[in-house]
Every structure is written in structure tokens, then in C-alpha cells.
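[1] next comes the sequence, and after it the predicted model I'd like to discuss.
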Number of protein chains: 2
Amino acid sequence: MKDNHEKCLELANRIYDLDAKVYDCVGSALGRTFTGNRENTVQNLCMLMLAKPDGHLLRSELALISNMARTIPDKEAKDRMLAEYDSILKEIENLPDSFGKVDILDLTRAELNPTARKKLSENDHLVICISRTQGSAGNDIGFELADELHINYYDVEIFNQVLKRLEAEKGSVDDAETDHFTEFDKYKKKSFRLKTWFREFNRYHGLPRQDAIFFNMSDLICNLARTEDCVIMGRCADSILANNHIPHISLFISAPFTLRVRRIMASKNMDLKQASRFLRQMDRQHKRYYDFYTDGRWGRPESYDLCINSANYGIRETIDLIERMINQKRN
Amino acid sequence: MKDNHEKCLELANRIYDLDAKVYDCVGSALGRTFTGNRENTVQNLCMLMLAKPDGHLLRSELALISNMARTIPDKEAKDRMLAEYDSILKEIENLPDSFGKVDILDLTRAELNPTARKKLSENDHLVICISRTQGSAGNDIGFELADELHINYYDVEIFNQVLKRLEAEKGSVDDAETDHFTEFDKYKKKSFRLKTWFREFNRYHGLPRQDAIFFNMSDLICNLARTEDCVIMGRCADSILANNHIPHISLFISAPFTLRVRRIMASKNMDLKQASRFLRQMDRQHKRYYDFYTDGRWGRPESYDLCINSANYGIRETIDLIERMINQKRN
């Protein structure tokens, strides 16, 4: 602690001098960063280094100086100042409890996230889970992305068809013609007639129907992610894979409501009122489904690796952005 | 329309044949995609192409075939099938109202978004606006990002110091020692005493104090963004720049609450209860401030270009990700 304090004193003096030198070079209209006398300033800087582990204010003081230094007209002097600034910054970062010392990293999650690593490891597959709001072109983006990466694409229709075939002979879960959300809502509304309920109870080994569907879906998703590169649309795949410690990228694609309405009107030939009602209903159903089957909250940034506003990119650029992020840009 | 229908008929037949050929090659356990007879299947496919502008289901049928084709062991046959698949896909995409035809692109916003374009234009500057939740390491990320890109870094302390100096002689807005949020809350709670209110009314040319601060801040932010590359933390800079049609990237950095609490406990030496209360309060204040001064909703993916879950990357990898995104990776 003792020599830590001396170290801080020395750094504080260097910072004070740098500020003075930079000011001499640039003669900024804003004047010096430190207007007080050396003694007080140095004391305050020491305090910031020693007492403020998150170094929030110290960082701002330093940034003020370097911002000013970058405006020095004379290149030679400028480089000299920035070099001194860099060396001071390095030493501060090496102080115990300096800013940036306490990471936010969640190692267990980051290890599942291929975009958080330089490259995929040998046995891992590139699995891209895409959740999206209806009308944000998430499906178009996922489909074209898979096509460009030459990997498989799975959405609810495909899962239903695959499950239908896998389960056909068992005469078990078959929801090819039913929509998960309707199923799910029906269940939540507890609007079964007892007879129906009892028949389904037996049929699905005691599991509520849509839970049986969800669990079959989960197995299928895990098997896929373990054996091939693919793009998986929705189905809470991100959360399912995370719970099974299978590497994947989780993306959420959305766009402002008004733009989604405009797009749905164009793509589904609906009028404004129909499109708005349709989107609100779909958002409600997506949210209810995701929040029921996962720990996360649907559409919240902290539930995914990345959220993309597709309206600010468009379909083509969103795909490029994703490819850039996963270092798989082909063309 | 007439020959469009013939075109669809031809494509439908090619799709049906491709499915059959792929099945012969792979002998998939799942059987063929189309189990019905040619006539019905072709009719249905035509319907999908003609009647479903968003082509949602058609796309799934095609994906099923190509997914299967990729599993063909014999490379030569596989390439032949995928080539046929690609040519069919191309022709379908060229149909009027095919899927992917209706973009979600918001041109006015995308034109302001450098990451949505191959490169920055000559006179534009690289302005990175970072909103973040407290404790998600957003500041550390912004500061180090600016340092690596050798561009200026601005956060609330720096803005306050700059404003303080700019406004000093005018004896005008000076909030170096006041926190915007506290100011803001005070105002919203309308807890001024009339005398105070009247003095401030005159002092700020008839504007409520924190509005005067906000408007000075806005001018400063616009001037910066027009003249230099920089990283700007918070201050609703994204929305301010968008309203002034100044190009910028808007990022939102967040992390799960529990991890933010853990980090705040470590970096601010708080106990669990203090940290949780502190974060809830900060989130409330950020939200109130952002929602009051912008059209967007704080922390919602559709309010930014991109949201990053810093917990799934960590500080270092988040910076790399952003650099990759803006094509400015230096090392």
C-alpha cells in the first residue's frame, strides 16, 4: 500500500505536468484541465487513484487531456504528448483495482458464444439461433444467411414436418397442422374439456400436449446443434442450447413497430388496422412462449448475445453484419 | 400474370423432381419432402408461389430439400443437386412478390448508420454513441475503444467540464457539480420553491434548468460529431444526432442484472443490497431521462442499431466485436 501510494503520487505529478505541457502546445480555448495549483490537484488525483476503484472520474480527467493533445497542430509535439499519455495510462491500468480491472464477463456463457472467440474450436459447430419480432424480416435474414454460409436452415414449419415424421410411427406428438402458439394459448387458458384433456394426458405420457411438443423440439434442436452447422429460427433454441451447454450464437432481430406494420401490410396484403392487430398479437404470443419456457425475458438485450435493429440495416446489410461478426464473410 | 403462372408451374415441377432425385441419392430416414402425388404437390407449390407474397411456407419446403441434399454422401451428386437448388431459388427470388422482396430497411436511418455501409464517406466522421446500463462495463468499453481507435472519448464528466468552461463567462448553465439525473428528477418532481424557480427561469432564458443543460449539451454533441471522430457515452446522443441527420453508430450495452450487481459490488465496494438498490435506481433514472428526451424507449433493441450483452463477451471481446463490426480492426 505504501509504495502504491508513492506510485500514485508520481503518476499524479506526471499527469499534472502533461496537462500543462499539452496546454502550452495547443493553447486550447478551454484552458487547462487542472486549474487548481499543483499540490491540491495532485492530492485529488491520488485520491481518485486510491479511493475510487472504478476510476470513473480519473478516466474522464485523462480523456480530457488526451482529447486536447490530439488537437496539437505540431505533429512531433503531439506524438510526444500522446506517447507520455499512453505510458501514464498503461501504468494506471496496472494499478490494483484500476478501471477496467473488474470485468463483466460471464465465462460460462462466453465460452458458449463463438462470436466472443477468435474462431470456433474443432468439434464445435456454427449454430446461429435467431429470435425475432414478426415483420422484422428475421426469417428472410436467417434463410439467406444459412444459404450464403451453406448451412442448414430450420424454422417452425420444418421442425413440425421433421417431428411429424419422426413421431409418425409412434402415433405420438403430431402438430404439423397446429400452431405452437395457439396450442400454447389454449393450454394456458385451460380451456380444454375434461375428456379432451384426459385423452391427451394419456397420449403424451402424462405431459400436457404443448409441453410434450416442446420437449421433443428441444431434443431435436440439441441433436442438430451437436451434429451440424445451422441457423435455427425461434423455438427458444438459444435458451435450450445454453441449458445444455452447446455452443451457439443467440441473436434477436427487431425493428420499430411502425416499420414492421408497413412491411406486414406489403407482404401479407393487410390494411393498417389488421397489420397492427396481427403484430401486437404475435408479439404477445412470442413473449408469453419465450418467458414461459426460458429464464430470460423475450426481446431484452440481456437475454441474447446481440440484438440487431434490422430497419437500420435492411436485410442485405444485416446478413453482412452477422457474417462480419462471426468472421465468416465469404464475399 | 398468365406467363407468371406458367413460370410457377415449371418451377413447381422442377422442385418436385429435385425432391425425388435428392431422396434417391440420400435415402433419408425422413423420406421425401413431398409425399403427395405430383399433380397435387405441384398445384400446392404454385399456390404458395402465386398466393403467398411473403413465401414463408414455400421457403420452408425448399429449405427441407436443401437440408437433405447437403447430406448426400456422393460429392458429385450432391453438387449437382445443390446447383439445381440454387438455380431454382434464384428464379423464385426473381418472381414478383417473392420472399425477401419486401425489405424492412428504413433508408433515412440506414444512411446515418456507418456499420450499414461498406465504408464511411469522405466527409463523415466515425461517431460511436454508446448507451449502457450501469454496471455493464459500458464506460470501460467506450473508453478503451476510443483509445484503440485513437479518437476522442466523451462522457458526462467531460461534457460538464467543457460546458462549464464554455458557459463560464456567460455565467450561464454550470452543472459541473450537479448530476443531470438528480436535476432531472428534481424538476420532474416539481419540487422547486417558487423563488428558486423564478431565479432559474430568468437565468436560463425561460427554459427549465435541466432543459437548458440538455440543449447546450445537444449543440455541443452535434458540433463534435460534425468535426471529429469520437465515442460519446449516453446523453441521448444517438437520438440527438439522428434528429440532426448526423451519421453515427448507436450501441446499447447491457448485461444480466445479477452480473451487474456482482460487478458493482466489486468495483464500488458495495454489499448486495446496496448494489441492487443502486442499480435499480440508476436504471430507473436512465430510462426516465432517455424516454423523456427521445422518441425511443430506453434499452429496447428497436431504439438502437445494435445491442450487445457485454456479459457474454467481456470487455476485451466486446471491443473486438465493435471494431470488427465497423471494419476498423487495427490489430
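    Good, I have the coordinates. Residues are numbered from 1 along each chain as shown, chains lettered A, B, ... in the order given.
[2] downstream neighbour of the strand or helix carrying A:Lys273 in the secondary structure list?
    Using DSSP states H and E, the secondary-structure element containing A:Lys273 is helix A:272-293. On the C-terminal side of helix A:272-293, the nearest following helix or strand under DSSP H and E is strand A:306-309.
[3] show me what that following strand is packed against.
    Under the contact definition 3 or more CB pairs under 8 Å, 6 or more residues apart in numbering or on different chains; DSSP states H and E, strand A:306-309 sits against strand A:249-254, helix A:314-325, strand B:306-309. In this view, the C-beta of every residue, glycine as well, is placed from N, C-alpha and C.
[4] check whether the helix holding A:Lys273 contacts chain B.
    No. Using CB under 8 Å from any CB of the partner chain, helix A:272-293 stays clear of chain B, with a minimum separation of 11.3 Å.
[5] against which helices or strands is that helix packed?
    When contacts are defined as 3+ CB pairs under 8 Å, 6+ apart, helix A:272-293 sits against helix A:180-188, helix A:257-268.
[6] in terms of mean pLDDT, which of these ranks lowest?
    Lowest mean pLDDT within the helices and strands packed on helix A:272-293: helix A:180-188, a mean of 52.
[7] next, the contact list for the closest residue to A:Asp19 other than its chain neighbours, please.
    Leaving out its chain neighbours, the residue that sits closest to A:Asp19 by CB to CB, 6 or more residues apart in numbering or on different chains is A:Thr33, at 4.8 Å. For A:Thr33, the contact set (CB atoms under 8 Å, 6 or more residues apart in numbering or on different chains) comprises A:19, A:23, A:61, A:64-65, A:68, B:161.
[8] about what we covered before: lowest average pLDDT across the helices and strands packed on strand A:306-309?
    Lowest mean pLDDT of those: helix A:314-325, a mean of 91.
[9] name the helices or strands packed onto it?
    Using 3+ CB pairs under 8 Å, 6+ apart, the elements in contact with helix A:314-325 are helix A:138-149, strand A:306-309, helix B:314-325.
[10] keeping just the C-alphas, turn the last one into CSV.
    This points to helix B:314-325. Only the C-alpha atoms of helix B:314-325 are listed here, as CSV (Å, rounded to 0.1, in the frame of the first residue of the first chain):
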residue,chain,number,x,y,z
GLY,B,314,-16.4,-9.5,-21.6
ILE,B,315,-14.8,-6.1,-22.0
ARG,B,316,-12.0,-7.2,-24.4
GLU,B,317,-14.1,-9.2,-26.8
THR,B,318,-16.9,-6.6,-26.8
ILE,B,319,-14.3,-4.1,-28.1
ASP,B,320,-13.1,-6.5,-30.7
LEU,B,321,-16.7,-7.2,-31.8
ILE,B,322,-17.4,-3.5,-32.3
GLU,B,323,-14.1,-3.0,-34.2
ARG,B,324,-15.0,-6.0,-36.4
MET,B,325,-18.4,-4.5,-37.0
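[11] list the buried residues of that helix.
    Residues B:314-315, B:317-325 are the ones in helix B:314-325 that count as buried (16 or more other CB atoms under 10 Å in any protein chain shown).
[12] identify all contacting residues around that helix.
    A:100, A:103-105, A:110, A:115-117, A:321, A:324-325, A:327, B:115, B:128, B:137, B:140-141, B:144-145, B:148-149, B:251, B:253, B:306, B:308, B:310, B:313, B:329-330.
[13] what separates it from the chain centre, distance-wise?
    On the basis of CA atoms, centre = their mean, to the nearest Å, helix B:314-325 sits 15 Å off its chain's mean C-alpha point.
[14] how about the helices and strands packed on strand A:306-309 in CSV, adding distance to B:Asn44?
    Putting those into CSV (distance: least, CB to CB, whole Å) gives the following:
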stretch, distance to B:Asn44
strand A:249-254, 29
helix A:314-325, 26
strand B:306-309, 40
